[in-house]
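[1] model this:
(2 chains)
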Amino acid sequence: MTDPLIAVALVLVAVTATAAVLNREPLRQALVLSFLGLALTLLFVFVQAPDVALSQLAVGSALTPLMIVLTVRKVARATPARHAPEEDDAHDQDGEADR
Amino acid sequence: MSTSPGWLVAAMVPLLCLLPVLWFVVRGEPRNRLVAQNLAQLLTGFVLLLTAQGFGRSTYLDLALVLAILAPAGTLVYARFLGGLPPAPLVRWTAVVGVPATVLPLCVVSGAGRETVKLLFIGAVLLAGAWVTSSGSQPSSEPEPDGTDGPSGSEPSSGERAAKRD
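    Residues are numbered from 1 along each chain as shown, chains lettered A, B, ... in the order given. Next up is the predicted model:
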């Protein structure tokens, strides 16, 4: 009975990983990566490796997407300040346009 | 240890429900993606609960416990970064219907003991997390002190750092 479960989990992992690659925007990629972590967790549970599933759940579905989101936020905040440090109004508008 | 196929067949139901949810995570509107992600975490919790019973190993319940605690926290953090979380009646009703439908039969099967207490606790955490995250949040209209403190407190400090570097 575990074979259909493993098959469905494998399909989920394959589709989600492909979608994560095809998604070009990092913020949306973070959510897809979080889903990929969940799918991998399920796959590891179905092949009865709960210890691997536990670490995958913590790292893959929570930590990695969170770090991506934090990085995107920091980069988006730091980029306009580097472009034009003397013209406050100009680089503020640049930053708004970039976002 | 023997697997009981009935529970694994039951685990197939929320697992197959994950497939349409995946579509919304990948191709939905930006707001709906977060809701779909929240729903996916809830469904994964159901699968983990049913699989633990299906494989006859109560230690697998730890996974569901970790997920039930991590999922709402992660969703709320995302909601803060992505700018708000829309109200999601689908998530709320899935939790209200699915949590008792999953946890109560498992409690009946496992009988009185530590496992039942654990199951009830996981069910309560899942339900509470889904209830909180499905009610939605709009951080722009909230007059919360830490909601307004965070960005305004860190912007000047980064500006000062940039000024010192120059």
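
[2] what residue is smack in the middle of the chain?
    Just going to use chain A. A:Ala30 (2.2 Å; Cα atoms, centre = their mean).

[3] hmm, no, I was thinking of chain B.
    Mean-position check on chain B, Cα atoms, centre = their mean. Result B:Ala71 at 3.6 Å.

[4] state the helix or strand in which B:Val13 lies.
    Element membership of B:Val13 [criterion: DSSP states H and E] is helix B:5-27.

[5] check whether the helix or strand just after that helix comes near chain A.
    Per DSSP H and E, helix B:5-27 leads on to helix B:30-54 as the next helix or strand towards the C-terminus. Yes. Contact between helix B:30-54 and chain A is present through B:30, B:33-34, B:37, B:40-41, B:44, B:47-48, B:51, B:54 (criterion: Cβ under 8 Å from any Cβ of the partner chain). Every residue, glycine included, has its C-beta placed from N, CA and C.

[6] just to revisit the earlier point, now the residue nearest to the centre of chain B. Nearest residue, chain neighbours left out?
    In space, and not counting its chain neighbours, B:Ala71 is closest to B:Gln41: 3.8 Å by Cβ to Cβ, 6 or more residues apart in numbering or on different chains.

[7] could I get the contacting residues of that neighbour?
    With contact set as Cβ atoms under 8 Å, 6 or more residues apart in numbering or on different chains, B:Gln41 has these partners: A:38, A:61, B:67, B:71, B:74-75.

[8] now it: how far from A:Pro80?
    For B:Gln41, the distance to A:Pro80 (Cβ to Cβ, to the nearest Å) stands at 34 Å.

[9] what of A:Thr18?
    For A:Thr18, the distance to A:Pro80 (Cβ to Cβ) stands at 34 Å.

[10] more neighbours, those two?
    Just comparing A:Thr18 and A:Pro80: by other Cβ atoms under 10 Å in any protein chain shown the higher neighbour count belongs to A:Pro80, 20 against 13.

[11] low pLDDT regions in chain B?
    B:1, B:138-166 (pLDDT under 70).

[12] same thing but at 80, please
    In the predicted model, chain B carries pLDDT under 80 at residues B:1-3, B:29-31, B:82-84, B:111-112, B:136-166.

[13] what do you get for chain A?
    Ranges of chain A meeting pLDDT under 80: A:1, A:80-99.

[14] before we move on, back to that, regarding the residue nearest to the centre of chain B, what is its secondary structure?
    At B:Ala71, secondary structure determined by DSSP: H, G, I helix; E, B strand; the rest coil is helix.

[15] equivalent analysis for the one 5 residues further on, please.
    In three-state terms, and counting by three-state DSSP, B:Leu76 is helix.

[16] which residue packs closest to it, ignoring adjacent ones?
    Leaving aside its sequence neighbours, B:Leu76 sits nearest to B:Thr133 (Cβ to Cβ, 6+ apart; 6.6 Å).

[17] tally of neighbours for the one you found?
    Residues near B:Thr133, counting by other Cβ under 10 Å: 30.

[18] just checking, it touches B:Leu90?
    No. Using Cβ atoms under 8 Å, B:Thr133 makes no contact with B:Leu90, being 11.9 Å away.

[19] gap between the nearest residue to B:Gly28 once chain neighbours are set aside and B:Arg27?
    Spatial nearest neighbour of B:Gly28, excluding adjacent residues (Cβ to Cβ, 6+ apart): B:Ala36 at 5.9 Å. Distance of B:Ala36 to B:Arg27, computed by Cβ to Cβ: 10 Å.

[20] more neighbours, the two?
    B:Ala36 (26 against 13).

[21] tell me the contacts of the more buried one?
    B:21, B:24-25, B:28.

[22] mind putting those in TSV, neighbour count included?
    Formatted as TSV, those follow (neighbours: other Cβ atoms under 10 Å in any protein chain shown):
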residue	neighbour count
B:Val21	24
B:Phe24	16
B:Val25	26
B:Gly28	17
